[in-house]
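> Dropping a prediction and its sequence here:
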Amino acid sequence: MGQFDRVYQGSESLEYPKSSHSSETRITEAPAGIPYLFNMPWGLKRYQHTGQSHFITFSCYHRLPYLSSTSAKQQFELSLEDTRVRYGMPVAGYVVMPEHVHLLVWEPQRSNLATALQSIKQSVSRLLIGGREHFWQKRYYDFNVRAADKFWEKLHYLHQNPVKRGLVKSPEQWTWSSFRHHAFGEIGTVELESHWTALRRERAGIRFELKKDRDATTFGDPGSTKI
């Protein structure tokens, strides 16, 4: 098929640039020079039957740095993972900043996105609010990701956030994000959707088939079981 191979999943299809190796396909290196290699073996059957992808941002009350401590960031990761499992909400990426959070997620299989996000916020607030009247801003920003290039752009953006803020010199130095998993395959608190996770599932013989939204286009390899 020339430069691109088309992979069909039911009535949907996605295009991936071909790798120079015949045994694998490169999903993308991203249009803006994102330094990740997402290589998927041809033998792995991929399921893309989830809802739309969403880039989510929510902030601490009045953007105060309530997440500045290590323990607060770790608690957010624990709450995110608990919600991922409870609601079947695949997570592609995240970053925990001192006063706000970015998530790149798919719509949950159980309940809806608003309920899943409320679960995260309530869990964190209940444990960290202390004597404060409020922990989070009430509203959150939700960007529907409808194209593959926008997906990689948002993933790159959230990983670069600590660097742009001057908190670290390079994204791998910021512990509380998904960068080290995507770049190096590190396993952290939150199970993330990536080629690393897909390969572990394949080797473990784990198969995923997620609820299909015929009106949605998705990117990556969403799943919901911890291994």
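Thanks, I have the structure now.
> Could you list which residues are in contact with residue 60?
66, 67, 99, 100, 135, 136, 137 (C-beta atoms under 8 Å, 6 or more residues apart in numbering). Bear in mind the C-beta positions are built from the backbone N, C-alpha and C, glycine included.
> run the last query once more with 6 Å
Contact partners of residue 60, counting by C-beta atoms under 6 Å, 6 or more residues apart in numbering, are 66, 99.
> For it, name its beta-bridge partners.
For residue 60, the beta-bridge partners are residue 136 (DSSP bridges).
> just checking, residue 98 touches residue 65?
Yes: proximity of residue 98 to residue 65 meets the contact threshold set by C-beta atoms under 6 Å, at 3.9 Å.
> Neighbour count for the two, which is higher?
More crowded of residue 98 and residue 65, by other C-beta atoms under 10 Å: residue 98, with 18 against 12.
> Tell me the confidence at the more buried one?
Predicted confidence (pLDDT) for residue 98: 98.
> sec struct for it, please.
coil (DSSP: H, G, I helix; E, B strand; the rest coil).
> Now do the same contact list for it.
By C-beta under 6 Å, 6+ apart, the neighbours of residue 98 are 65, 67, 68.
> shared neighbours of residue 98 and residue 65, anything?
Contacts common to residue 98 and residue 65, judged by C-beta under 6 Å, 6+ apart, are absent.
> Name the nearest of the contacts of residue 98 relative to residue 157.
Using C-beta to C-beta, residue 67 is the member of these that lies nearest residue 157, at 18.4 Å.
> tally of neighbours for the closest one?
23.
> Could you grab the helix/strand/coil label for it?
Residue 67 - assigned by three-state DSSP - is coil.
> could you measure it against residue 95, distance?
Distance from residue 67 to residue 95, counting by C-beta to C-beta, to the nearest Å: 11 Å.
> What of residue 180?
For residue 180, the distance to residue 95 - C-beta to C-beta - is 11 Å.
> and what of residue 175?
On the measure of C-beta to C-beta, residue 175 and residue 95 end up 10 Å apart.
> and if you look at residue 191?
16 Å.
> try residue 54
From residue 54 to residue 95 the distance is 15 Å (C-beta to C-beta).
> pLDDT below threshold where in the chain?
1-51, 207-227 (pLDDT under 70).
> how about 50 then?
Within the chain, the stretches with pLDDT under 50 are 1-50, 210-227.
> ok, for residue 144, nearest residue in space, not its chain neighbours?
Distances taken as C-beta to C-beta, 6 or more residues apart in numbering put residue 52 closest to residue 144, at 5.5 Å, once the chain neighbours are dropped.
> and residue 81, how many neighbours does it have?
For residue 81, using other C-beta under 10 Å, the count is 18.
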